[in-house]
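Sequence plus predicted model, see below.
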Amino acid sequence: RPRLFRFRRDLRLRDNDGLAAAAGGGPVVPVFVLDPETEALGAAAKWRLGRALGELARSLEAAGSRLVSRRGEAGAVLRALARETGAGAVHWSRSYEPEVAARDERIAAALRAEGVAAIAHPGFLLREPWAVETGAGGSYKVFTPFAKAAGAGPVAECAAAPELHAPEKWPRSEDRDAWALGAAMDRGAAVVAGYAAPGEAAALARLDAFLDGPVADYPRDRDRTDRAGTSGLSEHLTWGEIAPRRIWHAAERAGGAAAFRRELLWREFAWHLMWHTPRIAERNWRESWDAFPWRRDNGEAEAWRRGMTGEPMVDAGMREMFVTGRMHNRVRMIVASYLTKNLLTHWTVGLDWFAECLTDWDPASNALNWQWVAGSGPDAAPFFRVFNPRTQAEKFDPEGIYRARWIAGFGDGAPGREARDFFAAAPRAWGLDIADPRPEPIADLGATRARALDAYRATRGG
Ligand code: FAD
C-alpha cells in the first residue's frame, strides 16, 4: 500500500526523516495541503512559500515523483487522499507550535480511526524542544545555559535523498498557480523575486558559498550592514529547504564557525520557548510589562512601516525588508528599538508588520527577538538600552554604503537599483515620490528616549 507524506515547513528531499520513512520500500505520494492556517500567512511568506513549492515540485519530478497539491482542512484532505490512494500510513514532520501540534494530534486520531497509521517525525530543529532539559528537569529561560546544553552531544547525521517510488495511479492534484499564493503581494512580487533564492539546491549553494569564505570573518562582519557577512540561510531554514543539522555539521567541518553555530542555537532557543511558553508569540513574556504604557498602532508607526521616519538607518532597514523580504539582523534590532522605545509603540505592532513582510518569517524567532529588544522577554536586553540609530549607523555602516543603497538621495550619486526598487514597490496609496525621498525626522531622538525611560521608571516604581 502506498504511504502519504505531508510536506510542511520541510520542503526538501535530503535530511528529511519523515519523507525517508514514508518512502522506505514502497510507493509514496508527496502531498502539500493549503489549509486555512497557511492561507493566513503574511503576504511575503505566502509568496515565498509558493516559490518554494514550485522548486520542490520540480525536484520531486526529477526524482520520478510528483507533488500532489490540495486545498482544504488538513485532516479532511488527508483522510480523503488516504481513501483515494488506499494509503496505509501518513507521515509528516512535527510542528513545535503547540496549537498546530494539538491539531496534528486530532488529525492523527481521525486517521487512525479509519485504520490509517499517522506518524510524526523530527526534522525542523537540531533537537526536540523537550529533549533539552535543565538539571531539575524543566525548560530553559536563559540563552547561555540553554546553548551549552543544546550545543553539546551528538546531532543526527545527514542523509541523502531517498529513492521515491511512484504509486500505480496518481491522485488528482490542484493547480497551484490557481491558488495565487503571491496575490497579496500587491506591491509586486516581481521586485522581491529578484532578491529571493528559493529551493533546496539554492540553499545548499548558499551554505557552500558561506563556508567557503565569509564564515571566517563572521565574528567581525556579522554586524556590518554594509557587508555580506552572514549566511543568508534564514529563508531556507524557515521553509525547511535545508535541515539545521546539515548546516551544523558542515560548519563543524569548516572550522572556526563557533559564533555562527551559536546563532543556530538562538533559533533552537526560540522554538524551545515557543514550545514551553507559547504566549511568547502574543503577550509580554514577563507579565509585569502589561502595565507599561506602550501605544497601540498610530500614525508614527505607519511612517515606520513605510520607511518614512526620517532616520536613515531605520528607513533603510524598513525599505530593505519591503523590497527583499529580509532585513539585516543588526538593523532589525535598530528598527525594533526605535519602534518600541522612541515611538513607544507596542512590540506586537512591529511583530505583525514583520510577519507581513518577511520571507524568512518564523513565528518563534520573530517573537523571541521582538520581546528581546522590547525588554519584555526572557533573557531580554534591558529596556534602558535604547539603540541610537545614528550612533549605530556610524558603527555598523561607517561609510553610509548600506543607507545609500536603500535611501534615494542619501549618497552623492543617482539612486541605485535598491533605492529605486523601493519606490517601484511602494503601494500607490502611500503617495511616495522618489523626487522627495527623505522626510524630516518624525521623532526627536533625545526627547523620545527620555520619554521612554520615564515611562519605564514610572511602571517599575523607581
Ligand atoms: P546568520 O547570521 O547567517 O545566522 C545563521 C542562522 O542562525 C540564521 O539563518 C537563523 O536561522 C539563526 N539566527 C541568527 N540570528 C538569530 C536570532 N537573533 N534569533 C533566532 N535565530 C537566529 N529570524 C528569522 O529567521 N525569522 C524571523 O521572523 C525573525 N525575526 C526577527 C525579528 C527581530 C526584531 C530581530 C531583531 C531578529 C529577527 N530574526 C528572525 C533573527 C535574525 O535577524 C535573522 O535570523 C537573521 O538576520 C537571518 O540572516 P542570516 O540567515 O544571514 O543569519
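Right, received. Where do you want to start?

Report the spatially closest residue to Arg438, excluding sequence-adjacent ones.
Among residues not flanking Arg438 along the chain, Gly409 sits closest, at 5.1 Å (C-beta to C-beta, 6 or more residues apart in numbering). Any C-beta I mention is one placed from the backbone N, CA and C, and that applies to glycine too.

er, Phe260 actually
Once flanking residues are discounted, Phe260 sits nearest to Tyr218: 5.0 Å by C-beta to C-beta, 6+ apart.

Which positions in stretch 226-238 come out as buried?
Residues 226-227, 229-238 are the ones in stretch 226-238 that count as buried (16 or more other C-beta atoms under 10 Å).

related to what we said a few turns ago, the residue nearest to Phe260 belongs to a strand?
No: with DSSP: H, G, I helix; E, B strand; the rest coil as the criterion, Tyr218 is located in helix rather than a strand.

what residues are up against it?
If a contact means C-beta atoms under 8 Å, 6 or more residues apart in numbering, then Tyr218 has 229-230, 257, 259-260 as its contacts.

The residue nearest to Arg438: how many residues sit nearby?
Using other C-beta atoms under 10 Å, Gly409 has 14 neighbouring residues.

what's the answer for Gly54, then?
Look at Gly54: counted by other C-beta under 10 Å, it has 15 neighbours.

so it makes contact with Pro198?
Yes: because the distance of 7.3 Å satisfies C-beta atoms under 8 Å, Gly54 is recorded as touching Pro198.

show me where pLDDT drops low in the stretch 151-300 of the chain?
Where the stretch 151-300 of the chain drops to pLDDT under 70, the residues are 186-190.

swap the cut-off to 80 and go again
Across the stretch 151-300 of the chain, residues meeting the criterion (pLDDT under 80) sit at 185-193, 255-256.

Quick one: name the residues of it near the ligand.
With C-beta under 6 Å from any ligand atom as the criterion, the stretch 151-300 of the chain comes near the ligand at residues 222, 230-234, 237-238, 263-264, 266-267, 270.

In which helix or strand does Gly54 reside?
Taking DSSP states H and E as the definition, Gly54 sits inside helix 43-62.

ok, now Leu4?
strand 3-7.

Past that strand, which element shows up next along the chain?
Past strand 3-7, the next helix or strand by DSSP H and E is helix 17-23.

pLDDT on the following helix or strand past that following helix, on average?
Remark: after helix 17-23, the chain's next helix or strand is strand 28-34, criterion DSSP H and E. When pLDDT is averaged along strand 28-34, the result is 98.

packing partners for whichever helix or strand comes after strand 28-34?
Tracing the chain C-terminally past strand 28-34 and defining elements by DSSP H and E, one meets helix 36-39 next. Contact partners of helix 36-39 among helices and strands, from 3 or more C-beta pairs under 8 Å, 6 or more residues apart in numbering; DSSP states H and E: helix 43-62.

and the helix it packs on, how far from the chain's centre?
Taking the mean of its C-alpha atoms, helix 43-62 sits 16 Å from the chain's own mean (C-alpha atoms, centre = their mean, to the nearest Å).

What lies in contact with it?
Taking C-beta under 8 Å, 6+ apart as the rule, helix 43-62 contacts 7, 11-13, 30, 32, 38-39, 41, 66-67, 69, 164, 176, 179, 181-182, 184-186, 189, 192-193, 196, 198-202, 235, 238-239, 241, 325, 355-359, 361.

from those residues, which ones fall inside helices?
The helices, defined by DSSP state H, take in 38-39, 176, 179, 189, 192-193, 200-202, 235, 238, 355-357 from these.

Of these, which is the most crowded?
With neighbours taken as other C-beta under 10 Å, the top of the ones in helices among the contacts of helix 43-62 is Glu235, carrying 29 neighbours.

Grab the nearest non-local neighbour of it.
Asp360 (4.3 Å).

tell me the contacts of that neighbour?
234-235, 237-238, 325-326.

before we move on, what about Ala251?
For Ala251, the contacting residues are 211, 215, 257, 260-261, 264, by C-beta under 8 Å, 6+ apart.

can you do 6 Å?
When contacts are counted by C-beta atoms under 6 Å, 6 or more residues apart in numbering, Ala251 touches 257, 260-261.

Go through the residues you listed and say which is closest to Asp297.
Closest approach between the contacts of Ala251 and Asp297, by C-beta to C-beta: Phe260, at 36.3 Å.

Could I get the phi/psi values of the closest one?
Taking degrees, to the nearest 10, you get phi -70, psi -40 for the backbone angles of Phe260.

tell me the contacts of it?
The contact partners of Phe260, taken as C-beta under 6 Å, 6+ apart, are 215, 218, 251.

rerun at 8 Å
Contact partners of Phe260, counting by C-beta under 8 Å, 6+ apart, are 215, 218, 231, 251.

List of residues touching stretch 271-282?
Residues contacting stretch 271-282 (C-beta under 8 Å, 6+ apart): 96-99, 124-125, 129-130, 132, 139-141, 146, 150, 285, 348, 363-364, 367-368, 371, 377-378.

Give me the distance between the two termini of it.
Here the two ends of stretch 271-282 are set 14 Å apart, with distance taken as C-alpha to C-alpha, to the nearest Å.

Can you give me the buried ones in it?
Judged by neighbour count (16+ other C-beta under 10 Å), stretch 271-282 contains these buried residues: 271-276, 278, 280-281.

Repeat that for stretch 35-53.
The neighbour-count check on stretch 35-53 (16+ other C-beta under 10 Å) flags 35, 38, 41-53 as buried.

Pull out the CA atoms of that stretch and give them to me as CSV.
What follows is stretch 35-53, C-alpha atoms only, in CSV (Å, rounded to 0.1, in the frame of the first residue of the first chain):
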residue,chain,number,x,y,z
ASP,A,35,-5.0,24.6,4.9
PRO,A,36,-6.7,27.7,6.4
GLU,A,37,-3.6,28.3,8.6
THR,A,38,-1.3,28.5,5.6
GLU,A,39,-3.8,30.7,3.8
ALA,A,40,-3.5,33.2,6.7
LEU,A,41,0.3,33.7,6.3
GLY,A,42,1.6,37.2,5.7
ALA,A,43,2.0,38.3,2.1
ALA,A,44,5.7,37.8,1.7
ALA,A,45,5.8,34.5,3.5
LYS,A,46,2.9,33.2,1.4
TRP,A,47,4.6,34.3,-1.9
ARG,A,48,7.9,32.8,-0.8
LEU,A,49,6.1,29.5,0.1
GLY,A,50,4.6,29.4,-3.4
ARG,A,51,8.1,29.7,-4.9
ALA,A,52,9.4,27.0,-2.6
LEU,A,53,6.7,24.7,-3.6
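
check whether that stretch contacts the ligand.
No: if you take C-beta under 6 Å from any ligand atom as the test, stretch 35-53 misses the ligand, and the best it gets is 8.9 Å.

ditto for stretch 384-398
No: residues of stretch 384-398 contacting the ligand under C-beta under 6 Å from any ligand atom: none, with a closest distance of 10.6 Å.

How far off centre is that stretch?
Stretch 384-398 sits 24 Å away from the centroid of its parent chain (C-alpha atoms, centre = their mean).
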